[in-house]
Structures are given as C-alpha cells and as structure tokens.
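In: Predicted model, plus sequence, below.
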Amino acid sequence: MNRQPHIVVVGSANVDLTTFTDHFPRPGETIFGRAFHLGFGGKGANQAVAARLCGARVSMVARVGDDLFGPATIQNFAASGIDARHVLITPGASSGVAPIFVDSSGQNRIIVVKGANDRLLPADVDAAADLLRSADCIVLQLEIPLETVYYTLRFARRHGIPSILNPAPGQALSLGELAFADYVIPNETEAEALGGMPVRNPDEARACALALLSGGLARVIVTLGANGALCAGPEGCRHVAPFAVEPVDTTGAGDAFIGSFAFFLASGCKEGEAISRANVYAALSTLAAGTQSSFVTMERFEAAWAGRG
C-alpha cells in the first residue's frame, strides 16, 4: 500500500440504540436488558468510519433529519475526519434510527427506521457529481432508495470509477442493475435474497455466487462470518480463510469488512490480500460492543496482521 485513496460513501446515517440482554424475548414476553448504548451508525456511515480509520480520505453523501440527531450526526462525521459537505439536513423528516438487540452470545437482531435516508435521491447524487468524480472508489448499501443506488452505480460505471455495493439489508434486486457494480458483497442472508437459494456454508456460498455471476454480476464476495469469505469472478471461486476471535458483539462487522476492503483495494492491494486484510479488520471489530465505537485504528490492525497465525 503506497497511497491514500479517496473513498466516497453514498448511503445511510443512523443513530444506533443498542440493548444487551441474556436472550431475545419470545413474542409477548417482556424481559430485562443488561445494558444500553446510544451511538452513531447506519451502514453507510459505519463503512465511511471504517475506511477513515484505516487511513482513507473519506467523503459522505447522505441525508439526516431536522431533529436532535441530525446536527449531532454531522458533527460526528466532522470529528471522525470525514467530509460531510454533502450530508444534508432534511426538513420535516426524522433521522434514521436502528434499535439493535444483542444476546449473550454476541448475535444481534436489528430493526432499521430509514427516516431521512429515504429522501436521498438521484438529484443529490447529481449535486455531488464533482465530488464523486474525484473518488477512487464509491461505496453503496440499501438503506437509501433503490433508484438512488442504481443511479449511482450507473454514474460510477459511466465515469470509470470502481464501485462496491453491499446489498444490505437483504432484498430482491435487479441483477441487471447490479451488473454495473465492480463488486457486490453480501453476507449469507443477503446472498440468499439475491440468489434465491440457501447459503449456510462455503459450498452453498460458492453455488450461489456462481449463479449470481451467471446472472451478470462482475465479481461477488460472500462474507461468511467465522468461516471467512468466498470470492467469485470470471476466473473462478476461492475461499479466503477467517481470522479467529472470540466475539463480544458482531454488530457492524460486515460494515467493518466493507469499509476496510474498499480502503485496502483502493490503496493498491491485490484482491486476495485485500479480502484477507478485511477479514482481520472485521474480526477485530467484534471484540468490543457497538458499531463505529468497535472499529479499530490502523495501528491495532497492523499489530494483528503482523501476528496472525
């Protein structure tokens, strides 16, 4: 790696409301939680923070509400060193929020209320066109309108800018539109939604990824949590080994992978090394609670990378 890339994230900014509990409640059941944490999140914002902590120059294109959370979110971007000139306060809309429930094993369940994120439109992409054209990589997710995602992917292809789509939360999508992305990076659940087949292990991930390639996608990386990642492209498939840890909270690990992968790839790493490095960065994020607050510095990453077994 020999350069500082410019990553532009077009996506969501939420406030995370995280509750820790021994187990998830059954329908109609009321239980006591062990702890509560309020923090900044949203898949787009999380990926932007991860890329910035890795060392990228990062810009954000997003919308927030005209409530208490909106200005605070913009201030958080500024405090993180992220260019927020194109993060707009939206009159009459709430900011996005994400209630998150984490059990004692570290597994999570999340409900996203999109709020102002749903007002990020193609016109906002056009307004940020000069910024986008300066990017080394554009990163997107699905907590904003699909028309904006598709429009931005076409913009990136038209201007020769590499793009990464994290198709999360999982939903049915047009593979024809996704073909404009250089990388589509789902987890197992999201891959199932895209491919219409179960993805519970590396072999099933391989079958799904190959089906998605047949559907027109350029390159697919299926993140498999503790099983690492499966990368598929025209030259075939390969499994990239995980970095083993004992997780405390897996919330945001996928975003840590996406943001760090964008950085490593745009910095000049070969694809396989970029995936391996992102596996390590994502694993380290599971060792602390929260999303952005759990993402590690480059110094912490480099120590783990140097000491990996």
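Out: Structure's in. What do you need? Residues are numbered from 1 along each chain as shown.
In: So for the closest residue to Thr286 other than its chain neighbours, what's the pLDDT?
Out: Once flanking residues are discounted, Thr286 sits nearest to Pro247: 3.7 Å by CB to CB, 6 or more residues apart in numbering. From N, CA and C alone the C-beta is placed, and that goes for glycine too. At Pro247, the pLDDT value in this model is 90.
In: Wait, Pro247 touches Leu284, no?
Out: No - contact between Pro247 and Leu284 fails when scored by CB atoms under 8 Å: they sit 10.3 Å apart.
In: Looking at those two, which is more packed in?
Out: Leu284 (23 against 17; other CB atoms under 10 Å).
In: Against Ser80, how distant is the more buried one?
Out: 18 Å (CB to CB, to the nearest Å).
In: Check His37 too.
Out: 18 Å.
In: what's the answer for Gly290, then?
Out: Distance, Gly290 to Ser80, using CB to CB: 14 Å.
In: Those two: which is more packed in?
Out: Gly290 (21 against 18).
In: Model confidence at the nearest residue to the more buried one once chain neighbours are set aside, what's the number?
Out: Nearest residue to Gly290, sequence neighbours excluded (CB to CB, 6+ apart): Gly39, at 5.2 Å. Per-residue pLDDT puts Gly39 at 88.
In: and Gly39, what are its bridge partners?
Out: Asp16 (DSSP bridges).
In: roughly how far apart are it and Cys231?
Out: Taken as CB to CB, the span from Gly39 to Cys231 is 31 Å.
In: Pick out whichever of those two has more residues nearby.
Out: Cys231 (24 against 20).
In: Surely the more buried one and Gly272 touch.
Out: Yes - between Cys231 and Gly272 there is a contact under CB under 8 Å: 7.4 Å.
In: intersection of neighbour lists for the two?
Out: Counting by CB atoms under 8 Å, 6 or more residues apart in numbering, the contacts common to Cys231 and Gly272 are Arg238, Val240.
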